[in-house]
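> A predicted structure for the sequence below; I have some questions about it.
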Amino acid sequence: MRSRLDASAGNALARAVLLIVCIALGSAEAAEWKPSRPIEIISGVAAGGSLDLAARAVQRILQDKRNIGQPITVINRPGSGSALAWTYLNTHPGNGHYLSLTTNALVINPILGASSLSYTDVSPIVHLSREDIVFTIRSDTGLKNGRDLVARLKKDPGGVTFGIATSLGNPAHIAIAQVARAAGTDVRNLKVVVFNASTQAMATVLGGNLDVLVSSPGNPMPHVQAGKMRALAVSANARLPGAYASTPTWKELGIDSVSRFWRGVIGPKGLSPEQVAYWESEFAWLVTTDEWKKYLADNLLIADFMNARDATRFLQSEASEYRTLLAELGLAK
């Protein structure tokens, strides 16, 4: 009897040890997740737009400087303030081989009723950067400075056309609304044209078919440097360097307009903690590279790295703040 009990106990112990080993091996395998197939970075704007430039900078650095072992491509799916890109992203739930860059639209679109997809429907990975907003015009237009623009809006709100990307209610539209409100103009009387990328809006301004481009500073900067475009004002707390060093902030002109774009990285819904941790680590490395720092400097971006946990908290805070702001502007649904 005793020998049978001892044998039974021994078998139970052996099974327990085997179970522990299996769990440990499974955990180790999960913790070591890495891409095993080609990777797609989905850009929610047309090629050449600010968000697309960021996606391609990420692709280039990861492909050329990091041994991920899989090809990385950028796929453009513009439209609906990047909602089309994020909807496509979510057709691959739990798949760590698909990533997309975020904009403020991720929290703004649901507030505007433009999309039901929110940050809670995807997997936040990191927050990368932020950038201020500049108002630029073709150099040979009648507007000379920011005060001229405000005077024109007071006289005829519909007489000025603005170009933005990629959706109404985004930070560029908010910046315009803040200026219009200071001019005593109802934002609903403004003529704002939405493009799939800021490069398209810029081309329309350069062609003389649109008055003012409201965008991040990177795209118009070469034209400002070449004298083809002129910056009227910046919606920021401080002036920008370089080509915009002589451009005043709206605050300097007595108008309270501060608005910013930001960039982050998300995966589709249902990513495992191990998949999030893998990409979190890769982007933590990426932001330390000289190539990324040069990309930020060349495009007048401000480094603002946050890990997945902090990025999620940031998105929660932004959603609350934008709901209040857009409600004040009469744009919230």
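That came in fine, so what should we check first?

> use CA for all of it now, contacts and neighbours both
Will do.

> which stretches in the stretch 151-300 of the chain count as helices?
Counting by DSSP state H, counting those that start in this stretch, the stretch 151-300 of the chain has helices at residues 171-182, 198-206, 221-225, 273-286, 290-298.

> using PDB, write out every CA atom in the first one.
As requested, C-alpha coordinates have been extracted for helix 171-182 and formatted as PDB (Å, rounded to 0.1, in the frame of the first residue of the first chain):
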ATOM      1  CA  PRO A 171      -6.300  71.100 -34.200                       C
ATOM      2  CA  ALA A 172      -5.900  73.200 -37.400                       C
ATOM      3  CA  HIS A 173      -9.700  73.800 -37.500                       C
ATOM      4  CA  ILE A 174      -9.700  74.600 -33.800                       C
ATOM      5  CA  ALA A 175      -6.900  77.100 -34.300                       C
ATOM      6  CA  ILE A 176      -8.900  78.800 -37.000                       C
ATOM      7  CA  ALA A 177     -12.000  78.800 -34.800                       C
ATOM      8  CA  GLN A 178     -10.000  80.400 -32.000                       C
ATOM      9  CA  VAL A 179      -8.900  83.200 -34.300                       C
ATOM     10  CA  ALA A 180     -12.400  83.700 -35.700                       C
ATOM     11  CA  ARG A 181     -13.900  83.800 -32.200                       C
ATOM     12  CA  ALA A 182     -11.400  86.600 -31.300                       C
END
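
> going forward, the N-terminal residue is numbered 2.
Noted, 2 is the first residue going forward, which turns the last one into helix 172-183.

> avg pLDDT for that helix?
Model confidence over helix 172-183 averages 91 on the pLDDT scale.

> the third one now?
Mean pLDDT, computed over helix 222-226, is 96.

> ok, the longest one next?
Taken as a whole, helix 274-287 has a mean pLDDT of 98.

> what lies in contact with that helix?
Counting contacts by CA atoms under 8 Å, 6 or more residues apart in numbering, the residues outside helix 274-287 that touch it are 31-35, 59, 62-63, 97, 124, 126-127, 293, 306, 308-309.

> now restrict those to buried residues only.
Judged by neighbour count, with 16 or more other CA atoms under 10 Å as the criterion, the buried members of the contacts of helix 274-287 are 34-35, 59, 62-63, 97, 124, 126-127, 293, 306, 308-309.

> center of the chain, which residue is that?
In the chain, the C-alpha nearest the mean C-alpha coordinate belongs to Thr104, at 2.5 Å (CA atoms, centre = their mean).

> just checking, it touches Arg261?
No. Under the contact definition of CA atoms under 8 Å, Thr104 does not touch Arg261, with a separation of 10.2 Å.

> ok, back up a step: tell me which of the contacts of helix 274-287 is nearest to Ala181?
Of all those, Ala181 sits closest to Phe306, with 32.7 Å by CA to CA.

> OK, contacts around the residue nearest to that closest one when sequence neighbours are not counted?
What sits nearest to Phe306 in space, not counting adjacent residues and going by CA to CA, 6 or more residues apart in numbering, is Leu129, at 4.6 Å. Leu129 sits next to Trp263, Arg264, Gly265, Val266, Val288, Ala304, Asp305, Phe306, Met307 when contact means CA under 8 Å, 6+ apart.

> strands - which of the residues you listed land there?
Using DSSP state E to define strands, the subset of these located there is Trp263, Arg264, Gly265, Val266, Ala304, Asp305, Phe306, Met307.

> next, give me the two most distant ones among those.
Considering CA to CA, no two members of these lie farther apart than Val266 and Ala304, which are separated by 13.9 Å.

> so which of those two has more stuff around it?
Residue environment comparison for Val266 versus Ala304 gives the larger neighbour count to Val266, 22 against 18, counting by other CA atoms under 10 Å.

> what's the burial count for the closest residue to the more buried one other than its chain neighbours?
Closest residue in space to Val266, ignoring its immediate chain neighbours: Leu102 at 4.5 Å, by CA to CA, 6+ apart. Summarising burial for Leu102: neighbours were counted as other CA under 10 Å, giving 27.
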